[in-house]
Structures are given as structure tokens and as C-alpha cells.
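Asks: below: sequence and its predicted model.
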Amino acid sequence: MKLELSPGGGEWLPVCDPEVLTPGRGMAALLPDGRQAALFRDRSGRLYAIDNRDPFTGAQVLARGLIGTVAGRTFVASPLLKQRFDLETGRCLDDDEVAVDVYPVRTA
């Protein structure tokens with residue numbers, strides 16, 4: 001079984017075996033166009049992929065952030081300035097004007 005993500009355009013890219021993702025921790029993947037995706041598996045086993053670039057600093061670090069929940073929403077907190085990003089929507093929970101890209105994921 002492979003974790004696949006769709007960076008846009010309807011194509012699916014195989015990324016990794018989902019079992020290599022430690023629940024509660026992230027992993028970065030390099031996409032063909034040079035962008036990076038941050039991959040996560042929460043403690044219930046749900047998979048997520050968002051852009052790895054922290055929009056506040058420009059650093060590729062979101063995969064190294066801590067996962068948590070607030071009001072039923074699963075988020076990753078940036079390891080640098082601690083802003084929280086909803087893993088389903090990409091919306092910053094601390095600044096409504098900021099968001100990161102979210103990539104659809106599936107296992108195949």
C-alpha cells in the first residue's frame with residue numbers, strides 16, 4: 001500500500017508507505033516541481049498533506065511541527081513561531097488572513 005497525494009492537475013504521486021509515518025509526527029516529501037509537502041498521520045490513523053513552507057518565515061519546516069487538536073480540529077504548530085495550521089483546510093488558526101496549500105491524499 002502507498003500513500004499518494006495530488007499536487008494539482010488531477011495526477012496522483014506515490015509518496016511513501018503510510019506505515020512509515022509516526023502518528024503525531026510529520027515527514028517532508030519533495031514534489032516534482034520543487035515544492036515540499038508535509039505529510040502527517042494523526043493518532044486515529046487519518047492522513048494529511050499540506051505545504052511544508054511556513055508562510056510567516058518562508059522556511060520549509062511545517063513537517064517538523066507538533067500536531068494537536070483544538071475545538072475538534074487537527075492542526076500542526078509551526079516549530080518556529082508556533083502558528084497553528086488546520087490540517088484539513090490549511091487555514092492558520094491564529095491569523096485568518098493566512099493559509100497553506102492542502103493536498104488531497106489517498107492510499108492505493
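Replies: In hand now; what should we look at? Residues are numbered from 1 along each chain as shown.

Asks: strands along the protein, start to end?
Replies: Secondary structure of the chain by DSSP state E: the strands cover 3-5, 13-16, 26-30, 36-41, 47-51, 66-70, 73-77, 84-86, 105-107.

Asks: next, format those as a markdown table and append distance to D96 and mean pLDDT.
Replies: All C-beta spots, glycine's among them, are computed from the backbone N, C-alpha and C. A markdown table is the format used below for the strands of the chain (distance: least, Cβ to Cβ, whole Å; pLDDT from 0 to 100):
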| stretch | distance to D96 | mean pLDDT |
| --- | --- | --- |
| strand 3-5 | 26 | 95 |
| strand 13-16 | 30 | 95 |
| strand 26-30 | 23 | 97 |
| strand 36-41 | 21 | 97 |
| strand 47-51 | 17 | 98 |
| strand 66-70 | 15 | 94 |
| strand 73-77 | 14 | 97 |
| strand 84-86 | 11 | 98 |
| strand 105-107 | 25 | 96 |
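
Asks: between the ones you listed, which gets nearest to A59?
Replies: strand 36-41 (10.6 Å; Cβ to Cβ).

Asks: keeping just the C-alphas, turn that closest one into CSV.
Replies: What follows is strand 36-41, C-alpha atoms only, in CSV (Å, rounded to 0.1, in the frame of the first residue of the first chain):
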residue,chain,number,x,y,z
GLN,A,36,7.7,20.3,-0.5
ALA,A,37,4.7,18.6,1.2
ALA,A,38,4.4,18.0,4.9
LEU,A,39,2.8,14.5,5.5
PHE,A,40,1.1,13.6,8.7
ARG,A,41,-0.8,10.7,10.3
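
Asks: next one: P7 from E19, what distance?
Replies: 22 Å (Cβ to Cβ, to the nearest Å).

Asks: got the strands of the chain as CSV, with distance to T57 and mean neighbour count columns?
Replies: Formatted as CSV, the entries for those read as follows, by distance: least, Cβ to Cβ, whole Å; neighbours: other Cβ atoms under 10 Å:
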stretch, distance to T57, mean neighbour count
strand 3-5, 23, 22
strand 13-16, 24, 15
strand 26-30, 15, 17
strand 36-41, 14, 23
strand 47-51, 13, 23
strand 66-70, 16, 13
strand 73-77, 13, 19
strand 84-86, 13, 22
strand 105-107, 25, 14
